[in-house]
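[1] below are the sequence and a predicted model; questions follow.
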Amino acid sequence: MKNLKHLAYTGGAVTLALMVPDGTKSGDIVKLGAAGFYGIAQTDRVSADMAKTGKHPQGLIEGQASTFLPGIVMTVTAPAADIAAIAAFGKVDFDPATRKYVAPAGAAFIGYKLNANTVALRAN
C-alpha cells in the first residue's frame, strides 16, 4: 500500500511518539484531543532535564511519550489539504464518492487525524 505508514501486524495496536501532558507517567491514560480519542503512555513523558542529559527513550523528544493507541491498527498518509480543517486528534471520515478524507459529515468514520498529513485508522 503506497500510503502505509505504520501497521500493527500482531492484531494489536500502533504505538507512536506523541506529545502528552506534563507529568504523564508510563501506564497513564492520555486524552488526545476532544473527539474521544485516547492512548496509554508506555513511557514517562520526556522532561527538559531528561532531554538535556540524554536520559530518555531513544527516538523521543521533550514533551513526548511512546503512546499505545488501542484500536488503531494502521496509519496512512492523507493529502494535507483534505484534513487541514480537522483539529488535531479530531475524527476523520472517508467519502467514497469523492475519494477524499473529510471532516465528519455522515460519511464512513475511519479514524483520527494525527498530524498535518497522517490519519490513524481505527479497527472496525
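    That came through, no problem.
[2] quick one: average confidence on the strand ranked longest in the chain?
    Of all the segments of type strand in the chain, defined by DSSP state E, the longest one is strand 108-115. Regarding strand 108-115, the rounded mean pLDDT is 96.
[3] angle of the next helix or strand after that strand against strand 108-115?
    Next along the chain after strand 108-115, taking DSSP states H and E as the criterion, comes strand 118-122. Here the directions of strand 118-122 and strand 108-115 differ by 140 degrees (axes from the mean of the first three to the mean of the last three C-alpha atoms, to 10 degrees).
[4] what packs against strand 118-122?
    For strand 118-122, the elements it packs on are strand 72-77, strand 108-115, judged by 3 or more C-beta pairs under 8 Å, 6 or more residues apart in numbering; DSSP states H and E. (Glycine included, C-beta is placed from N, CA and C.)
[5] closest one to Lys55 among those strands?
    When the helices and strands packed on strand 118-122 are compared for distance to Lys55 using C-beta to C-beta, the nearest one is strand 108-115, at 26.6 Å.
[6] can I get the helices and strands packed on strand 118-122 in TSV including mean neighbour count?
    Output for these, formatted as TSV (neighbours: other C-beta atoms under 10 Å):
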stretch	mean neighbour count
strand 72-77	20
strand 108-115	20
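[7] just the strands in this structure please.
    Counting by DSSP E, the segments of the chain that form strands are 4-7, 14-19, 29-32, 37-41, 64-69, 72-77, 91-95, 100-102, 108-115, 118-122.
[8] for Ala48, find the nearest of those.
    Of all those, the one in closest proximity to Ala48, counting by C-beta to C-beta, is strand 64-69 (12.2 Å).
[9] what angle do strand 72-77 and the closest one make with each other?
    Relative orientation of strand 64-69 versus strand 72-77 (the same axes, to 10 degrees): 120 degrees.
[10] state the mean pLDDT of strand 64-69.
    In this model, strand 64-69 has an average pLDDT of 96.
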